[in-house]
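Asker: Predicted structure and sequence below. I'll ask about it afterward.
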Protein chains: 2
Amino acid sequence: MNTDSEAKISRETKQRKIIMEELAKVSSHPTADELYKIVRKRLPSISLGTVYRNLELLTKLGEIQKLDICGAKKRFDGKSLRHYHMRCKKCLKVYDLPMQPFSALEKTLKNIDGYLITNYRLEFSGLCPNCNKSR
Amino acid sequence: MNTDSEAKISRETKQRKIIMEELAKVSSHPTADELYKIVRKRLPSISLGTVYRNLELLTKLGEIQKLDICGAKKRFDGKSLRHYHMRCKKCLKVYDLPMQPFSALEKTLKNIDGYLITNYRLEFSGLCPNCNKSR
DNA sequence: GTCTCTGCAAAGCATTTGCAACTGC
DNA sequence: GCAGTTGCAAATGCTTTGCAGAGAC
């Protein structure tokens, strides 16, 4: 799992260091913009573009997580019944997976430590049969 | 599960009918823009805005699925270890869930009918303890 | 000194919205 | 006839990118 990282060598800059420190400090899962506001308290001259660039780079390096597997564009599915999707990392298409929903998952989730779970989404990524074959 | 729908009365228009028909026909999980191109073959005068509005409405009615639980903004997490998130439907914050990763899930996924699964994301929605209390 | 990184601003792109005209019911 | 819908175009908002200068090594 988590085999998506393509490491790229990078320099340690003041900006990157502070971005990582502040992101590690908060538990609020900030957006790029929110983190920008936080970081600016320590480094008022930093630009939003730098925050975006670093978050992207750090995600690729596996240092942080981007809470997002949807691409930029939203996709729609005519079926409303529960089923799972996978996004092929190569051809970028989204497929319905030929598997049964995990009923165990649905049953055990109702109440966890005060959280009321009413819905979930389970999405996979990897290679579709076509791209897997032609590797 | 799937308790998110807030039904709203709606008229049956030519546009909505064709959008639903075409979306049901394809298995490609089209984006709004892709569906727009498909629908335009039957209804050349339809506008992209109408497609967006109908997809949004149909999603709320539970007729179709939007493959997206991330909000418009991407969010970042300083931790890189596997853990699960939940989005509170009321306060819209994202929380780390106090639960162990499903190891069973990770083990059984490697290969499903030719698909090579290398990663997955499991995300929940519902009410956080705070919003749950103050209901 | 070199090559990466940054700040700034403009561009890009998907999506949303205002508005007047249109159309189910 | 009225309220929901549409087409059009402009606006919005997040994110990315080009570029020249700054900084890490």
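Answerer: Done, it's in. Residues are numbered from 1 along each chain as shown, chains lettered A, B, ... in the order given.
Asker: quick check: longest helix of chain A.
Answerer: In chain A, ranked by residue count with DSSP state H as the criterion, the top helix is helix A:48-61.
Asker: Tell me the helix or strand right after that helix.
Answerer: strand A:65-66 (DSSP states H and E).
Asker: That following strand pairs with which strands, parallel or anti?
Answerer: When pairing is defined by DSSP bridges, strand A:65-66 lines up against strand B:76-77 (antiparallel).
Asker: What is the neighbour count of the closest residue to DNA strand D within chain A?
Answerer: Chain A approaches DNA strand D most closely through residue A:49 (3.1 Å), counting by CB to the nearest atom of the strand. Any C-beta I mention is one placed from the backbone N, CA and C, and that applies to glycine too. Look at residue A:49: counted by other CB atoms under 10 Å in any protein chain shown, it has 10 neighbours.
Asker: go on, the one 3 residues further on?
Answerer: Residue crowding around residue A:52 was assessed by other CB under 10 Å; the count is 15.
Asker: Any figure for the gap between it and residue A:58?
Answerer: According to CB to CB, to the nearest Å, residue A:52 stands 11 Å off from residue A:58.
Asker: now swap in residue A:11 and tell me
Answerer: For residue A:11 relative to residue A:58 (CB to CB), the value is 13 Å.
Asker: more crowded one of those two?
Answerer: residue A:58 (21 against 5).
Asker: Chain neighbours aside, what residue packs nearest to that one?
Answerer: Nearest residue to residue A:58, sequence neighbours excluded (CB to CB, 6 or more residues apart in numbering or on different chains): residue A:64, at 4.6 Å.
Asker: again, but for residue A:14
Answerer: Per CB to CB, 6+ apart, closest to residue A:14 is residue A:43, 6.8 Å.
Asker: Then residue A:66?
Answerer: residue A:59 (4.6 Å).
Asker: Quick check: buried residues in stretch A:122-135?
Answerer: A:122-128, A:131 (16 or more other CB atoms under 10 Å in any protein chain shown).
Asker: Pipe those into a markdown table and attach secondary structure and distance to DNA strand C per row.
Answerer: Below are the buried residues of stretch A:122-135 laid out as a markdown table (DSSP: H, G, I helix; E, B strand; the rest coil; distance: CB to the nearest atom of the strand, whole Å):
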| residue | secondary structure | distance to DNA strand C |
| --- | --- | --- |
| A:122 | strand | 21 |
| A:123 | strand | 16 |
| A:124 | strand | 21 |
| A:125 | strand | 19 |
| A:126 | strand | 23 |
| A:127 | strand | 24 |
| A:128 | coil | 22 |
| A:131 | helix | 22 |
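Asker: name the helices or strands packed onto the longest helix of chain A?
Answerer: Packing partners of helix A:48-61 (3 or more CB pairs under 8 Å, 6 or more residues apart in numbering or on different chains; DSSP states H and E): helix A:14-25, helix A:32-42, strand A:65-66.
Asker: could you check whether the shortest one is close to DNA strand D?
Answerer: In this case it means strand A:65-66. No. Between strand A:65-66 and DNA strand D, judged by CB under 7 Å from any atom of the strand, nothing touches; the nearest distance is 8.9 Å.
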